[in-house]
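# The following comprises the amino acid sequence and a computationally predicted model.
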Amino acid sequence: MADTSRFVVIARDGLRLRSGASQDASVIRTIPEGTVVNVLSREGTFALVDLEGDGKADGFMSLPFLRAVDEGTTPSAAAGPGDITGLVTPDMVKRMFPGATPLKNITANLPFVLAGLRARQLGDRPMVLMAVSTIRAETAGFVPIDEFKSKFNTSPGGAPFNLYDAGTSIGARIGNTEPGDGARFKGRGYIQLTGRSNYRRVGPQIGVDLIADPASANSPSTAGLILAQFLKNVESKVRNALAHNDLLLARKLVNGGSHGFKEFKETFEKGMAILPH
């Protein structure tokens, strides 16, 4: 095996990155299926890998669950034409975000975002820019989070998220039909998926029962798929908006309004100069 070879994770449920070349070594985190890694060296059945393309070791992975990019299906071929997800690094994304956004958050979560995009064949440059800029507008810390209580979702002295409840105008718009739906289906994930209608629609599309377990929308692997699927559902309209440089419309197609547009636009424009072609 040649040093610094590019490999792709083929484990269906992701592959554990470990601190040493042993199944007993501590787990650093799980790297999603489809993630491209650089193998620096081999130790028995384990590979020392570089996740960021900077030549520095990040940990060890089990070799049988890695496939050389030039053997069989490559990440680009699997994800569609123009795929750049194997080239996007945490450092690139960090440069698109505010200084306060921790690099460790981006490093931990970016693989799940890129894996979701690959899974929905949205790994080309415009859609990667769209996804990353959406995260900037929705969850600037680059982590999947619960929606915060605010005057927009909770009335003074009211139960949390009561303005989203069944029987309210907002609740009706987002499909909340049962008592407690406001808090149950509050915004979650990288994209802040909100409302029973969205949870019901996206869940079957990604193979997760979000109605039975709404909190699972904050699992990084699920959140990455939710973001990608939400973009997939409006893909043609978003691509048309981006082709006409109408970033406001692109934002509205995801958010339903212009909330966070300043941050979205700033990140998108920075990314145009940073992300690879």
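Nice, I can see it. Residues are numbered from 1 along each chain as shown.

# now the stretch 1-150 of the chain, which segments are flagged as low pLDDT?
Counting by pLDDT under 70, the stretch 1-150 of the chain shows low-confidence ranges at 1-4, 70-81.

# For it, which segments are assigned as helices?
Counting by DSSP state H, counting those that start in this stretch, the stretch 1-150 of the chain has these helices, from start to end: 75-79, 90-96, 103-119, 125-138.

# I'd guess residue 236 is in a helix, am I close?
Yes: counting by DSSP: H, G, I helix; E, B strand; the rest coil, one finds residue 236 located in a helix.

# got the contact list for it?
In this structure, residue 236 makes contact with no residue, judged by C-beta atoms under 8 Å, 6 or more residues apart in numbering. C-beta: built from backbone N, CA, C; applies to glycine.

# Tell me the pLDDT of it.
At residue 236, the predicted lDDT confidence score is 95.

# from the helices of the stretch 1-150 of the chain, which stretch is densest packed?
Each of the helices of the stretch 1-150 of the chain was assessed for mean neighbour count using mean count of other C-beta atoms under 10 Å. The highest is helix 125-138, with a mean of 25.

# Endpoints of stretch 138-158, how far apart?
The first residue of stretch 138-158 is 24 Å away from its last residue (C-alpha to C-alpha, to the nearest Å).

# which one of the helices of the stretch 1-150 of the chain lies closest to residue 220?
In terms of C-beta to C-beta, the element of these nearest to residue 220 is helix 103-119, at 4.2 Å.

# Please list the residues outside that closest one that contact it.
29, 31-35, 51-52, 75, 78-79, 83, 85, 88, 90-91, 93-94, 97, 123, 127-128, 131-132, 135, 141-144, 190, 220-221, 223-229, 231.

# Any idea how far it is from the middle of the chain?
Relative to its chain's centre, helix 103-119 lies at 5 Å (C-alpha atoms, centre = their mean, to the nearest Å).
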